[in-house]
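Asker: Let's see this in three dimensions:
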Amino acid sequence: MVGWSRFTKASEKLIDIRTRWTSSERFLGPTIEALPQLLVIPVLLFIAGLLDTLFSSVLQISPPPKTILFASGISLLFISAVAVLLCYTLAQRSLNPSGPPFRTTVSRLLRRPSPDGLQNRDFPDTLSEKAPSIYHEVMQETHDDDTLNQAAAALYNIIQSLGVWPRYGGPNPGLLGQERLTFLHLLSPEASIRSNRTAVQVISRIQDSNRIRYSPTDMSELVPVLLQAAKRAPITDLWESSFIRAMAVVANAAVITKHYPPVMSFLSSEYIDNQHLPSDSDPSAEYAVRTKTISSVVEILFTKLSRSLADRPKSMTEDEVVDQVLSPPQGNRRETAVSPAATMNAGKIIAALLYLPLPQNVSVLTLIIRWLVRTTSPFGVIRATQAHVDAITGHDVWPTVLFFVASIAGRVCLTLDSFREHVALAELCISSLVKIADFHQFHPQLPSLVSTAVAALRQAGRERTTPEMTRDLVVVGKFLEDDTWRWSGKQRFAVLAELQSLKEDDRQQPRNFSIPEEIQTPLDEHIVHHI
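Answerer: This is a model prediction of the structure:
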């Protein structure tokens with residue numbers, strides 16, 4: 001009877017059976033398990049007594065009574081069969097440990113519904129409060145694919161059945177611990193692809209219902225597992241993968257995911273922490289997993305763009321191809337324009353790009369920056385990049401890609417007719433040059449940064465240049481004067497010449513701007529000495 005339940009829904013039936021089975025194990029389980037051991041002794045004694053009676057009494061009669069011998073033989077046969085069944089029962093737990101209990105004819109008769117369609121009116125109509133906890137315990141202990149697939153279908157209803165207060169009453173709102181463990185079990189390599197996809201569907205549905213906002217703990221544990229499940233799934237193109245979409249949902253970017261491709265939504269999500277840069281200063285395993293995860297997603301972005309550009313029609317420009325791949329479909333653009341929450345976050349996308357080990361394809365990186373400038377705003381891209389440059393405080397970080405981003409963003413902005421934020425662009429380039437000098441290592445984008453800074457300062461007007469910029473240029477000049485670095489003298493001369501031309505512009509406009517004596521003299525000495 002333990003295997004019987006009046007509930008018809010799979011999740012409720014599973015929980016009901018599990019509840020009653022757990023409660024019955026205290027008394028019913030030991031009693032039933034002790035019955036075979038207790039019955040073995042009397043059965044053996046009965047057989048011994050029957051044989052003793054036959055040999056000591058019945059067989060001594062001449063002639064032996066056939067009726068008694070026949071009845072004794074029949075009894076001995078049945079009792080021996082009972083003995084064999086008892087021995088099998090003792091070994092049945094080892095032979096079939098996962099078999100269902102108590103599938104008897106009597107239980108089947110009792111399970112038949114009554115004429116009015118109800119099985120038993122005495123049972124409660126609702127499950128106990130411990131039902132969700134019991135469900136998650138069963139799910140995490142189940143390793144059979146078919147059973148797991150069937151039980152996973154009820155996961156959404158189980159999560160939605162829990163009230164809001166237990167979820168948001170703690171310090172970290174989001175999934176409860178048992179719910180998170182169930183998702184990790186469904187997304188594990190030992191689970192089937194069907195279970196993986198069921199978990200992905202539930203992750204998206206519970207976000208759409210506005211009942212759950214995923215916590216940082218959910219992101220750190222579920223996002224890497226979803227990425228690994230995406231790589232195991234039989235999908236050739238991860239760009240439109242439902243697993244990547246679920247990663248963006250877990251990172252609380254569901255609004256953006258409705259308008260932009262899953263990869264771009266994830267790269268603009270809360271999972272991208274723009275307060276930290278790739279560094280060896282954090283040896284934690286969580287940081288290593290985060291770095292690997294973001295790097296893998298950025299590689300998916302670069303792969304998609306590279307393939308699209310290689311197969312682009314001759315009638316389309318590169319920017320049009322990038323817009324077609326990264327921007328929302330034509331039908332969603334109007335909806336995206338009126339939805340501020342669905343706009344991309346330039347700072348987080350730039351932070352994600354910094355996780356590239358090296359810009360293997362600078363042209364693709366340039367197209368991404370250009371698209372970001374068009375999609376958001378030039379000033380937003382400059383300020384986002386400036387924030388990352390300002391965040392560089394330790395010498396254990398060598399942000400190669402960051403200086404590429406700053407240089408590319410500067411060149412892109414200078415080509416725009418409507419660009420007016422030349423002072424902000426000059427600050428970005430000069431601060432990047434100061435960081436390069438602070439690292440005391442030559443960077444291949446240094447000449448480009450100098451050229452962009454000079455062009456931005458000329459466009460802005462020297463009267464808007466601050467003394468801090470001038471002092472920073474002195475620091476850059478000192479760094480450029482050092483001829484121990486392995487870059488060509490011709491290139492160094494060209495960079496210093498640009499700085500000198502900037503100085504000549506200052507002299508032509510003495511009324512608008514004047515350099516303090518303590519700054520002007522060292523700058524002249526360094527530039528003239530090298531030239």
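Asker: shouldn't D16 be in contact with T8?
Answerer: No. Checked against CB atoms under 8 Å, the pair D16 and T8 is beyond contact range at 10.6 Å. Any C-beta I mention is one placed from the backbone N, CA and C, and that applies to glycine too.
Asker: out of these two, which sits in the more crowded spot?
Answerer: D16 (21 against 8; other CB atoms under 10 Å).
Asker: Return the distance of that one relative to T198.
Answerer: Applying CB to CB, to the nearest Å, one obtains 22 Å for the distance of D16 from T198.
Asker: ditto for I17
Answerer: According to CB to CB, I17 and T198 sit 21 Å apart.
Asker: out of these two, which sits in the busier spot?
Answerer: Counted by other CB under 10 Å, I17 and T198 do not tie: T198 has more neighbours, with 22 against 18.
Asker: Report all helices and strands that the host helix or strand of that one contacts.
Answerer: Using DSSP states H and E, T198 sits within helix 193-208. Applying 3 or more CB pairs under 8 Å, 6 or more residues apart in numbering; DSSP states H and E, we find helix 193-208 packed against helix 145-152, helix 155-161, helix 177-186, helix 216-232, helix 242-250, helix 254-257.
Asker: Can you list the neighbours in contact with it?
Answerer: Applying CB atoms under 8 Å, 6 or more residues apart in numbering, the contact partners of helix 193-208 are 145, 148-149, 152-153, 155-156, 159-160, 183, 186-187, 212, 214, 222, 226, 229, 232-234, 242-243, 245-246, 249-250, 254.
Asker: try 7 Å this time
Answerer: Outside helix 193-208, the residues that touch it by CB atoms under 7 Å, 6 or more residues apart in numbering are 148-149, 152-153, 155-156, 159-160, 183, 186-187, 212, 229, 233, 242-243, 245-246, 249-250, 254.
Asker: And stretch 217-235, by the same measure?
Answerer: 172, 174-175, 180, 183-184, 187, 189, 193, 196, 238, 241, 243-244, 246-247, 250-251, 270-271, 286, 289, 293, 296.
Asker: and the residues you listed, which are buried?
Answerer: 174-175, 180, 183, 187, 196, 238, 241, 243-244, 246-247, 250-251, 270-271, 289, 293, 296 (16 or more other CB atoms under 10 Å).
Asker: which residues touch the nearest residue to A352 once chain neighbours are set aside?
Answerer: Leaving aside its sequence neighbours, A352 sits nearest to L267 (CB to CB, 6 or more residues apart in numbering; 4.3 Å). Contacts for L267 (CB under 7 Å, 6+ apart) come out as 297, 348-349, 352.
Asker: pLDDT value on L267, please?
Answerer: As predicted, L267 sits at a pLDDT of 91.
Asker: cool, A424 as well?
Answerer: A424 is given a pLDDT of 91.
Asker: For the helix or strand it falls within, could you pull out the residues that count as buried?
Answerer: Using DSSP H and E, A424 maps to helix 422-439. Buried residues in helix 422-439, defined by neighbour count with 16+ other CB under 10 Å: 422-437, 439.
Asker: for stretch 33-46, same thing?
Answerer: 36, 40.
Asker: Please save the CA atoms from it in CSV.
Answerer: Taking C-alpha atoms only, stretch 33-46 is exported to CSV below (Å, rounded to 0.1, in the frame of the first residue of the first chain):
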residue,chain,number,x,y,z
GLU,A,33,12.4,-7.0,7.1
ALA,A,34,12.3,-9.2,10.3
LEU,A,35,9.5,-11.4,9.1
PRO,A,36,11.6,-13.6,6.8
GLN,A,37,14.2,-14.2,9.6
LEU,A,38,11.5,-15.0,12.1
LEU,A,39,9.7,-17.4,9.7
VAL,A,40,12.8,-19.4,8.7
ILE,A,41,13.1,-21.1,12.1
PRO,A,42,9.5,-22.3,12.5
VAL,A,43,9.4,-23.5,8.9
LEU,A,44,12.6,-25.5,9.4
LEU,A,45,11.3,-26.9,12.6
PHE,A,46,8.0,-27.9,10.9
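Asker: Run the chain-centre distance for it.
Answerer: How far stretch 33-46 lies from its chain's middle: 57 Å, per CA atoms, centre = their mean, to the nearest Å.
Asker: now do stretch 383-395
Answerer: Relative to its chain's centre, stretch 383-395 lies at 26 Å (CA atoms, centre = their mean).
Asker: who touches that stretch?
Answerer: With contacts defined as CB under 7 Å, 6+ apart, stretch 383-395 is touched by 275, 277, 279, 281, 346-347, 350-351, 354, 399, 402, 405-406, 409, 424, 427-428, 431-432, 435, 439.
Asker: got the contact list for the helix holding A424?
Answerer: 379, 382-383, 385-386, 389, 392, 395, 398, 403, 406, 410, 413, 443, 446, 449-450, 452-453, 456-457, 459-460, 464, 469, 472-473, 475-476, 479.
Asker: Could you do stretch 295-303 as well?
Answerer: 227, 238-239, 263, 266-267, 352-353, 355-356, 361, 364.
Asker: Which one (most neighbours) among these?
Answerer: For the contacts of stretch 295-303, the largest neighbour count, defined by other CB under 10 Å, is 33 neighbours, found at F266.
Asker: List the contacts of it.
Answerer: Per CB under 7 Å, 6+ apart, neighbours of F266: 244, 247-248, 251, 253, 297.
Asker: would CSV of the residues you listed with pLDDT be doable?
Answerer: Below are those laid out as CSV (pLDDT from 0 to 100):
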residue, pLDDT
I244, 92
M247, 93
A248, 91
A251, 90
A253, 84
V297, 92
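Asker: what ranges do the helices span in the stretch 51-200 of the chain?
Answerer: 66-95, 105-110, 131-141, 145-152, 155-161, 164-168, 177-186, 193-208 (DSSP state H, counting those that start in this stretch).
Asker: Could you check what's spatially nearest to the spatially most central residue of the chain, not counting adjacent residues?
Answerer: Geometric centre of the chain, nearest residue: V223, 1.0 Å, by CA atoms, centre = their mean. Leaving aside its chain neighbours, V223 sits nearest to M247 (5.1 Å; criterion: CB to CB, 6+ apart).
Asker: List the contacts of the one you found.
Answerer: M247 is in contact with 223, 226-227, 266, counting by CB under 7 Å, 6+ apart.
Asker: What separation is there between it and S220?
Answerer: Taking CB to CB, one finds M247 at 12 Å from S220.
Asker: Over to R458?
Answerer: Going from R458 to S220 by CB to CB gives 47 Å.
Asker: T466 now?
Answerer: 41 Å.
Asker: Neighbour count: these two, which is higher?
Answerer: Neighbour comparison, T466 and S220: the larger count goes to S220, with 16 against 13 (by other CB under 10 Å).
Asker: buried ones in stretch 63-81?
Answerer: So, applying 16+ other CB under 10 Å, buried residues of stretch 63-81: S72.
Asker: cool, stretch 449-464 as well?
Answerer: Buried residues in stretch 449-464, counting neighbours by 16+ other CB under 10 Å, are found at 449-457, 460, 462.
Asker: Relative to K66, how far out is the closest residue to P65 other than its chain neighbours?
Answerer: With CB to CB, 6+ apart as the criterion, P65 has its nearest non-adjacent residue at 6.7 Å, and that residue is V58. Remark: distance between V58 and K66 (CB to CB) = 10 Å.
Asker: avg pLDDT for the helix or strand hosting A48?
Answerer: Secondary structure assignment for A48, by DSSP H and E: helix 28-56. The average pLDDT within helix 28-56 is 81.
Asker: Next: stretch 135-145.
Answerer: Per-residue pLDDT over stretch 135-145 has a mean of 84.
Asker: Can you tell me what sits against that stretch?
Answerer: Stretch 135-145 has contacts (CB under 7 Å, 6+ apart) with 11, 14-15, 18, 148, 151, 158, 178-179, 181-182, 185, 190, 192.
Asker: Widest-spaced pair of those residues?
Answerer: Using CB to CB, these span at most 23.2 Å, a distance reached by I15 and E190.
Asker: neighbour count winner among those two?
Answerer: Ranked by neighbour count (other CB under 10 Å), I15 and E190 place I15 first, with 25 against 9.
Asker: ok, and the closest non-adjacent residue to the more buried one?
Answerer: Using CB to CB, 6+ apart and skipping the chain neighbours, the partner closest in space to I15 is A131 (4.5 Å).
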